[in-house]
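Q: A structural model of the following input is requested.
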Amino acid sequence: MAIPNYVLLAVAAPQKSAEIYTKILDAQPVESSETFVLYVLPGGFKVGLWSADEMHPIPRPAGGSELSFSLADEDAVRETYEAWTRLGLKVEQELTHMDFGYTFVVSDPDGHRLRPFALGDNPR
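A: Predicted coordinates for the structure are as follows:
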């Protein structure tokens, strides 16, 4: 069985995107070049920032998927909201309670959606 362990994000400028993702992921890249930046997170999950101009086949526009971050509680969600909005990330959804828990959505400069959340009383 294939188990997902790696997400590649098509970006306009990997080094510029890395300035934000280093803060968002609270990690330093393990690989970094003009066209590609790679993070390996605790547990082994990988996040790659690849220059869209170098990807084949050419990537589709961003925005149809989300990179989600499971947080401990609502306070952690609020703290993350404050930190990420200070980075200048565009708010797509303000802090809100949804049927699965407390959440918000921001997008990075390339349009990739980022959703931190804390599960509520009725998690899916």
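
Q: show the pLDDT at the spatially most distant residue from the centre of the chain.
A: Note on the chain: the largest C-alpha distance from the chain mean falls to residue 1, namely 25.4 Å (Cα atoms, centre = their mean). Confidence per residue is given as pLDDT, and for residue 1 that number is 88.

Q: could I get the CA-only coordinates of the helix or strand hosting residue 78 as PDB?
A: Here residue 78 is covered by helix 74-86, with elements defined by DSSP states H and E. Listed in PDB are the C-alpha atoms of helix 74-86, where the atom choice follows Å, rounded to 0.1, in the frame of the first residue of the first chain:
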ATOM      1  CA  GLU A  74      -8.500  26.800  20.300                       C
ATOM      2  CA  ASP A  75      -5.800  28.900  22.000                       C
ATOM      3  CA  ALA A  76      -3.200  27.400  19.700                       C
ATOM      4  CA  VAL A  77      -5.400  28.100  16.700                       C
ATOM      5  CA  ARG A  78      -5.700  31.800  17.700                       C
ATOM      6  CA  GLU A  79      -2.000  32.100  18.400                       C
ATOM      7  CA  THR A  80      -1.200  30.600  14.900                       C
ATOM      8  CA  TYR A  81      -3.700  33.000  13.300                       C
ATOM      9  CA  GLU A  82      -2.000  36.000  14.900                       C
ATOM     10  CA  ALA A  83       1.500  34.700  13.900                       C
ATOM     11  CA  TRP A  84       0.500  33.900  10.300                       C
ATOM     12  CA  THR A  85      -1.400  37.100   9.700                       C
ATOM     13  CA  ARG A  86       1.700  39.000  10.900                       C
END
